[in-house]
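Enquirer: quick one, what's the 3D model for this:
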Amino acid sequence: MSDARKPSPSGAAPYDALLLLSFGGPEAPEDVVPFLENVTRGRGIPKERLKEVGRHYFLFGGVSPINGQNRELLAALRKDFAEHGLDLPVYWGNRNWAPYLVDTLREMAKDGHRRIAVLATSAYAGYSGCRQYRENLADALAVLAEEGLPALSVDKLRHFYNHPGFVEPMIEATLAALDELPSEVRPGARLAFTTHSIPTAMAETSGAPDDPARGTPGGAYVAQHLEVARLIAAAVAEHTGVAGRPWELVYQSRSGAPHIPWLEPDICDHLEAEHADGAPAVVMVPIGFVSDHMEVKYDLDTEALAKASGLGLPVARAATVGADPRFTAAVRDLVLERAAVERGEAVTRCALGALGPSHDLCAVRCCPNPRAPRPAAAESAAGSAPGSTDGNAEQNAEESHV
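Expert: Numbers count the residues shown, from 1 in each chain. Coordinates of the predicted model:
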């Protein structure tokens, strides 16, 4: 951000709290099936199938790393805010496991908070990474209203995929992963930028209706990931002096019916293709994930590494951003930026690359899916205030290994 019109470090008003909103995960073997039931609720998946899906978690003692990583991020955010004079309490709630979103919002209401900024632990546009979180917020607010608690206004912070506080730690992590490779293969190593695969129909309608990226192949979801991949690849070329290093955006964690087209290629298929093409080594860079949760630990550190080992292909995996101080500083920047906007002030927004900063308020028809209409919080319906809900939001629930 330039020095011109920087928000004041004390300028969190009108917000009186920040909510860290995440996916959640099991923390004991007996949690796994109930957690998966939460994730897949309404889809009629038998418990026996969920037990089969849960094998990923059982390989790690039934514990997902995501909750521990969110506790670390929560502590880091509180520390950063305190060190920079930002008097804004930070709470944490999950979509699918304790601490549940509705319980956290209930706590915030009882603590006297009324205007809440929300950071979702997903950097990109898309149904599962944005709109579904806003639907969950609308559901939770409706429960609080039924309980007679004071009304809360919630504003989801903009997508942060191209904020330097998110991109720069990934550049550093990619360089560190390259250094882990044997020196003889390092110059020719290729980069595989990985993210969660989603149905192609969902990808193509991701983003706002008036977003030019929505009209590109793969919509805003793919366009935003390609932008981050380009930024990292360019920085790696500059730091290593190796120009023209091959890279590709690839996908992982596919779920759902096999007859439905999803984004490809899968990371394991990609490793096979790279080996067949004579690649001396590959660095996997999980740009689609904020932390090293189960889909990183299993799909990359377990499945993909086993595939590479079987091929005899040297690979390394770059770390995710996690609670890196640059990321916590970026969250502070996003809070202050949005607060200044809500006060009617002009601010210079921080963003790298050609796509520019994302929107503050999602459009009613952002990231639609025809499954069923549902209300969503924090969107720009005509005649509605920020934090309101709209009943024309649309639902999908494809986010699990089922």
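
Enquirer: tell me the buried residues in the helix or strand residue 132 falls within?
Expert: Residue 132 is located in helix 132-146, with elements delineated by DSSP states H and E. Across helix 132-146, burial judged by 16 or more other CB atoms under 10 Å covers 132-141, 144. Bear in mind the C-beta positions are built from the backbone N, C-alpha and C, glycine included.

Enquirer: closest one to residue 183 out of these, please.
Expert: Using CB to CB, residue 133 is the member of the buried residues of helix 132-146 that sits closest to residue 183, with 43.6 Å.

Enquirer: pretty sure the closest one contacts residue 120?
Expert: Yes. Residue 133 lies in contact with residue 120 (CB atoms under 8 Å); the separation is 4.6 Å.

Enquirer: any shared contact partners between these two?
Expert: 21, 156 (CB atoms under 8 Å, 6 or more residues apart in numbering).

Enquirer: from the contact counts, what lies against the helix holding residue 132?
Expert: Of the remaining helices and strands, those touching helix 132-146 by 3 or more CB pairs under 8 Å, 6 or more residues apart in numbering; DSSP states H and E are strand 17-22, helix 101-110, strand 115-120, strand 153-156, strand 376-377.

Enquirer: cutoff 7 Å now
Expert: Judged by 3 or more CB pairs under 7 Å, 6 or more residues apart in numbering; DSSP states H and E, helix 132-146 is in contact with helix 101-110, strand 153-156, strand 376-377.

Enquirer: can you tell me which of these is most buried?
Expert: Most buried of the helices and strands packed on helix 132-146 by mean neighbour count (mean count of other CB atoms under 10 Å) is strand 376-377; its value is a mean of 28.

Enquirer: now that one, how far from the chain's geometric center?
Expert: The gap between where strand 376-377 is centred and where its chain is centred comes out at 18 Å by CA atoms, centre = their mean, to the nearest Å.

Enquirer: cool, stretch 160-174 as well?
Expert: With CA atoms, centre = their mean as the basis, stretch 160-174 stands 13 Å off its chain's centre.

Enquirer: convert the C-alpha atoms of that stretch to PDB, please.
Expert: Listed in PDB are the C-alpha atoms of stretch 160-174, where the atom choice follows Å, rounded to 0.1, in the frame of the first residue of the first chain:
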ATOM      1  CA  PHE A 160      -6.700 -11.800  -0.700                       C
ATOM      2  CA  TYR A 161      -5.100 -14.200  -3.400                       C
ATOM      3  CA  ASN A 162      -3.000 -11.400  -4.900                       C
ATOM      4  CA  HIS A 163      -2.200  -9.400  -1.700                       C
ATOM      5  CA  PRO A 164       1.700  -9.300  -1.300                       C
ATOM      6  CA  GLY A 165       1.300 -10.600   2.300                       C
ATOM      7  CA  PHE A 166      -0.100 -13.900   0.800                       C
ATOM      8  CA  VAL A 167       2.000 -14.100  -2.400                       C
ATOM      9  CA  GLU A 168       5.500 -13.200  -1.000                       C
ATOM     10  CA  PRO A 169       5.600 -16.000   1.600                       C
ATOM     11  CA  MET A 170       4.800 -18.500  -1.100                       C
ATOM     12  CA  ILE A 171       7.600 -17.100  -3.300                       C
ATOM     13  CA  GLU A 172      10.000 -17.700  -0.400                       C
ATOM     14  CA  ALA A 173       8.600 -21.100   0.200                       C
ATOM     15  CA  THR A 174       9.000 -22.100  -3.400                       C
END
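
Enquirer: quick one: contacts of that stretch?
Expert: Contacts of stretch 160-174 with the rest of the structure, by CB atoms under 7 Å, 6 or more residues apart in numbering, involve 123-124, 191, 224, 227-228, 231-232, 235-236, 283, 285, 287, 318-319, 321, 324, 326-327, 329-330, 333-334, 350-353, 355.

Enquirer: for ChimeraX, write a command that selects the buried ones of those residues.
Expert: Selecting just the buried residues from the contacts of stretch 160-174 in ChimeraX takes one command, with 16+ other CB under 10 Å as the test:
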select :123,124,191,224,227,228,231,232,235,236,283,285,287,318,319,321,324,327,329,330,333,334,350,351,352,355
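
Enquirer: could you list which of the contacts of stretch 160-174 belong to helices?
Expert: With helices taken from DSSP state H, the overlap with the contacts of stretch 160-174 comprises 224, 227-228, 231-232, 235-236, 326-327, 329-330, 333-334.

Enquirer: closest to residue 58 out of the residues you listed?
Expert: Of all the ones in helices among the contacts of stretch 160-174, residue 327 has the smallest distance to residue 58: 30.6 Å, by CB to CB.

Enquirer: so who does residue 31 touch?
Expert: Counting by CB under 7 Å, 6+ apart, residue 31 touches residue 62.

Enquirer: these two touch, right, residue 284 and residue 317?
Expert: Yes. Distance between residue 284 and residue 317: 4.7 Å, which falls inside the contact criterion (CB atoms under 7 Å).

Enquirer: joint contacts of those two?
Expert: Listed as contacting both residue 284 and residue 317 by CB under 7 Å, 6+ apart are residue 300.

Enquirer: and those two? which has more neighbours close in?
Expert: When residue 284 and residue 317 are compared on other CB atoms under 10 Å, the one with more neighbours turns out to be residue 284, at 26 against 22.

Enquirer: ok so, going back, distance between the helix holding residue 132 and the chain's centre?
Expert: Centre-to-centre, helix 132-146 and its host chain are 20 Å apart (CA atoms, centre = their mean).

Enquirer: what does it contact?
Expert: Residues outside helix 132-146 that contact it (CB under 7 Å, 6+ apart) are 21, 95, 101-102, 105-106, 109, 118, 120, 151-152, 154, 156, 362, 374-379, 389, 393, 395.
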